[in-house]
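Novice: Return atomic coordinates for the entry below.
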Amino acid sequence: MDPFPKDGESVAAGEPSRGAAPSSGVVVQVREKKGPLRAAIPYMPFPVAVICLFLNTFVPGLGPGLGTFVSAFTVLCGARTDLPDRHMCCVFWLNIAAALIQILTAIVMVGWIMSIFWGMDMVILASKYS
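Specialist: A predicted model of the protein is given here:
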């Protein structure tokens, strides 16, 4: 078999053509892999997540990162994260680091955009949690 199929040929013998029934395919599961900072975002109650999104988006001055800073303290109050193997203090400091990155890079708009996405992730996680 030619390793580079010509137009209209399939790579594997027996591979269904494009017109085949959808039930004859293979089930594929996709799982998002998060880095340690994204995995440290806590699952908070929905109203708290909305407040953090508001703080990250609309508060002038320390706004970008302020909601992330507040969310770090919810970890100390028992909020669950996607880092179950890490100690609570380590996850707290990861959230503080994310807040500092957002505050320090807000000057060039990167931190502000990052903090908005961070706040949206908080709200999405909170809606899944409740």
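Novice: In this structure residue 95 contacts residue 68, no?
Specialist: Yes. Counting by C-beta atoms under 8 Å, residue 68 is a contact partner of residue 95 at 6.2 Å. Glycine gets a C-beta too; all of them are placed from N, C-alpha and C.
Novice: Which residue of these two possesses the greater neighbour count?
Specialist: Neighbours per residue, other C-beta atoms under 10 Å: of residue 95 and residue 68, the larger number sits with residue 68, 29 against 25.
Novice: OK, contacts around that one?
Specialist: Neighbour list for residue 68: 52, 56, 95, 98, 99, 102, 115, 118, 119 [criterion: C-beta atoms under 8 Å, 6 or more residues apart in numbering].
Novice: Equivalent analysis for residue 114, please.
Specialist: Residue 114 touches 64, 101, 102, 105, counting by C-beta under 8 Å, 6+ apart.
Novice: Now tabulate those in TSV and tack on secondary structure.
Specialist: Formatted as TSV, the contacts of residue 114 follow (DSSP: H, G, I helix; E, B strand; the rest coil):
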residue	secondary structure
64	helix
101	helix
102	helix
105	coil
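Novice: Quick check: the two most widely separated of the residues you listed?
Specialist: Greatest spacing in those, by C-beta to C-beta: 64 and 101 (9.8 Å).
Novice: Which neighbours do the two have in common?
Specialist: Going by C-beta under 8 Å, 6+ apart, residues that sit against residue 64 and also against residue 101 are 111, 114.
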